[in-house]
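*Asks:* structure, please.
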Amino acid sequence: AIVIVFDVNDVGSLEHTRQWLADALKENDPSNVILFLVGSKKDLSSPAQYSLMEKDALKVAQEMQAEYWAVSSLTGENVRDFFFRVAALTFESSVLAELERGNNTRRIGDTVRISSNERDLYLSTPRKKPKCCQ
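*Replies:* Below is the predicted model:
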């Protein structure tokens, strides 16, 4: 995924997004990326100011073929939903790509089971069980 972030209160930063995307595409296969245009600092905009910027941002997102999201790091508005969306789409894309390039033992629609030990999920040491509950 490529995430291009701009400040919704700064028209100049929206104008720079095209160049930032061009730079990112130099390092990535354009046919194999999911694009997101993210307007940040939404909490600092008045509704009228944001409405004008949103029209321009949606136009730029459409040109880029990117999903547009407006977020506020301060208030947390849309932040969690945005990251869940990125995670879901990139995971789906990764699984489909693996299935398509695989050795034909799995096909799209097959059940794929993912398993691991709980201790493998975290880099930190596992929590000790409390002595009171043994």
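
*Asks:* show me where this protein dips below the pLDDT cut-off.
*Replies:* Low-confidence segments of the chain (pLDDT under 70): 102-108, 112-134.

*Asks:* redo that, cut-off 50
*Replies:* 121-123 (pLDDT under 50).

*Asks:* and the helices in it?
*Replies:* Applying DSSP state H to the chain gives helices spanning 11-26, 47-64, 79-101.

*Asks:* how about the ones you listed, which one is nearest residue 1?
*Replies:* helix 79-101 (5.1 Å; C-beta to C-beta). The C-beta positions use only the backbone N, C-alpha and C, and glycine is treated the same way.

*Asks:* other SSEs contacting the closest one?
*Replies:* strand 35-40, strand 67-70 (3 or more C-beta pairs under 8 Å, 6 or more residues apart in numbering; DSSP states H and E).

*Asks:* leaving out chain neighbours, which residue sits closest to the residue nearest to the spatial centre of the chain?
*Replies:* The residue lying closest to the centre of the chain (C-alpha atoms, centre = their mean) is residue 86, at 2.8 Å. In space, and not counting its chain neighbours, residue 86 is closest to residue 1: 5.4 Å by C-beta to C-beta, 6 or more residues apart in numbering.
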